[in-house]
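**Q** model this:
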Amino acid sequence: MTNKKPIHYTGVAKFLHWAIALIIIMMLVFGQGFDEIKTKAEMTFSLAGHSSLGLTVISLLVLRILWRIGHPAPDLPESVGSGQKTASKLSHLLLYALMIYVPATGLYTIAAHEFAAVPYGAFDLRSALNFLGTDDFDGRRALHEFGTWLLMALLAVHISAALFHQFVQKDGVLRRMWFGGGKPAK
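**A** Below is the predicted model of the structure:
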């Protein structure tokens, strides 16, 4: 029996990565339309969907962090330089921090929103979060939007780096998180 370290992430890690990515991209795209909503019914519907997806991301992120504790990431290929390895570690830490910060500020913001947010049609988040107070909606929203813009910028860097590794360096970094086996990284 060999003690060879895996070259790919586990199937669970891949599923959680891509599920979270898909939901975050959906939220970023649809979240940009909140300013155009005109009616209370549209806003209530949109907030219900946005908060449902946000709570789903938080839940999946908790699972991902717990899974990662017991299943460390595979090593980057030897061809990846130390500067890129450091940048990778820092960018992943920032991604995790922002994936926590953005939903947290979203919850903080919804506590002061004039409309109900009823995720999964189950309960009004404002009531559950009334301990956060209801003042300064605009300030709270600014915090949430600032984090959202930072997250979008970091996601653009993350995606660009993955594509750079795939098509320029051709070192197998993207294949580690893609479905299927693929060739080992160089």
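
**Q** residues contacting G106?
**A** 50-51, 54, 144 (CB atoms under 8 Å, 6 or more residues apart in numbering). (C-beta placed from N, C-alpha, C; glycine too.)

**Q** could I get these as a markdown table with pLDDT, secondary structure and distance to V102?
**A** Conversion of those to a markdown table gives the following (pLDDT from 0 to 100; DSSP: H, G, I helix; E, B strand; the rest coil; distance: CB to CB, whole Å):
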| residue | pLDDT | secondary structure | distance to V102 |
| --- | --- | --- | --- |
| H50 | 95 | helix | 12 |
| S51 | 95 | helix | 13 |
| G54 | 94 | helix | 8 |
| H144 | 97 | helix | 7 |
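
**Q** closest to Q169 out of these?
**A** G54 (34.6 Å; CB to CB).

**Q** for the residue nearest to that closest one when sequence neighbours are not counted, what are its contacts?
**A** Excluding its sequence neighbours, the residue lying closest to G54 (CB to CB, 6 or more residues apart in numbering) is P103, at 5.0 Å. The contact partners of P103, by CB under 8 Å, 6+ apart, come to 54-55, 57-58.

**Q** return the member of those nearest to P119.
**A** The closest of the contacts of P103 to P119 turns out to be L55 (CB to CB; 5.1 Å).

**Q** and the gap between the closest one and A122?
**A** Remark: distance between L55 and A122 (CB to CB, to the nearest Å) = 10 Å.

**Q** from L16, how far off is the spatially most central residue of the chain?
**A** Most central in the chain under CA atoms, centre = their mean is M99, positioned 4.5 Å from the mean C-alpha point. Here M99 is placed at a distance of 11 Å from L16 (CB to CB).

**Q** where do the helices sit along this protein?
**A** 11-31, 40-70, 82-110, 125-128, 137-164 (DSSP state H).

**Q** what about L95, distance to H17?
**A** To H17, L95 is 11 Å away according to CB to CB.

**Q** try G172
**A** Using CB to CB, G172 is found at 16 Å from H17.

**Q** comparing those two, which residue is more hemmed in?
**A** The neighbour comparison of G172 against H17 (other CB atoms under 10 Å) goes to G172, with 21 against 15.
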